[in-house]
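In: Using only what follows, build the 3D model:
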Amino acid sequence: MANLTPEQRQLVEQWAAAGANLNQIQDRLRTECAVTLTYMETRLLIMELGVKIQDKPREAPPEPKPEPPIAESDTQLDETADSPEALPQSALKVSVDESPPPGAIISGRATFSDGVTVQWFMDEQGRFGMRGPAPGYQPPAADIPSFQAELDHILQLRGF
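Out: Below you'll find the predicted structure:
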C-alpha cells in the first residue's frame, strides 16, 4: 500500500470530505504530493483510511413533454395481452419479428417519434442491441421511457 505521511493521509481525508471523487484524489496525490497511485491503489487507500466518497446528487431528468395519443401500438402480440391502456402512449411504435436473425433470440423494429426506424434485438446471452439507420443515431430522449416500458412488456409476454 502507499506509504503516505500522516499529513498526506489528512489531505486525502479533507479532499474526500470536500466532495472529491477517486479520480480527483488520485490526480491531486500525483500533482500536490508527488505520489503516483493506480486507480485501484487509490480506491484501496480510501478503504484503508475509512473515508467515504460523497456521491454527487444526480440531476433529475427533464419531464417528458406529453405526446398526442396514438390509436394502438404496432406490436404483433396475442389479443389476450394486457390492455394497451396500461402502457404509456406516445408516437412510438414497436414490433416483434416472427423469426429473429441468427444469434438473436428475439428481435423487432421500433419507430420513434422522429420517424426513424431502428432494429432492436436480444442475443442468446441476454444482451440488448439496436441498429439505427446511421452510426451514432440516438432516439429522442422523450421516447426512451416509453420504448423501455414497451420492450419490457413485450419481453414479459414472451417469457423473457
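
In: show me where the chain has helices.
Out: All helices of the chain, identified by DSSP state H, fall at 6-17, 22-33, 39-49, 144-157.

In: quick one, which of those is nearest to residue 91?
Out: Checking those against residue 91 by CB to CB gives helix 144-157 as the closest, at 8.8 Å. Any C-beta I mention is one placed from the backbone N, CA and C, and that applies to glycine too.

In: Which positions within the closest one qualify as buried?
Out: Judged by neighbour count (16 or more other CB atoms under 10 Å), helix 144-157 contains these buried residues: 146-147, 149-151, 153-154.

In: ditto for stretch 31-41
Out: In stretch 31-41, counting by 16+ other CB under 10 Å, buried: 33, 35, 37.

In: What residues does the first one make contact with?
Out: What it means is residue 33. Shown in contact with residue 33 (CB atoms under 8 Å, 6 or more residues apart in numbering): 4, 8, 11.

In: Check the last one too.
Out: Applying CB under 8 Å, 6+ apart, one finds that residue 37 lies in contact with 2, 26, 29-30, 45.

In: among the residues you listed, which two are most distant?
Out: 30 and 45 (12.9 Å).

In: With neighbour numbers in mind, choose between these two.
Out: residue 45 (22 against 13; other CB atoms under 10 Å).

In: pretty sure that one is touching residue 12, no?
Out: Yes - counting by CB atoms under 8 Å, residue 12 is a contact partner of residue 45 at 6.9 Å.

In: so what's in contact with those two at the same time?
Out: When contacts are counted by CB under 8 Å, 6+ apart, residue 45 and residue 12 have residue 4 as shared neighbours.

In: Just give the nearest non-adjacent residue to residue 106, would you?
Out: Nearest residue to residue 106 in three dimensions, chain neighbours excluded: residue 122, at 5.2 Å (CB to CB, 6 or more residues apart in numbering).

In: Give the bridge partners for the one you found, please.
Out: residue 106, residue 128 (DSSP bridges).

In: burial measure for residue 15, as a count.
Out: 19.

In: gap between it and residue 36?
Out: 16 Å (CB to CB, to the nearest Å).

In: before we move on, what about residue 11?
Out: For residue 11, the distance to residue 36 - CB to CB - is 15 Å.
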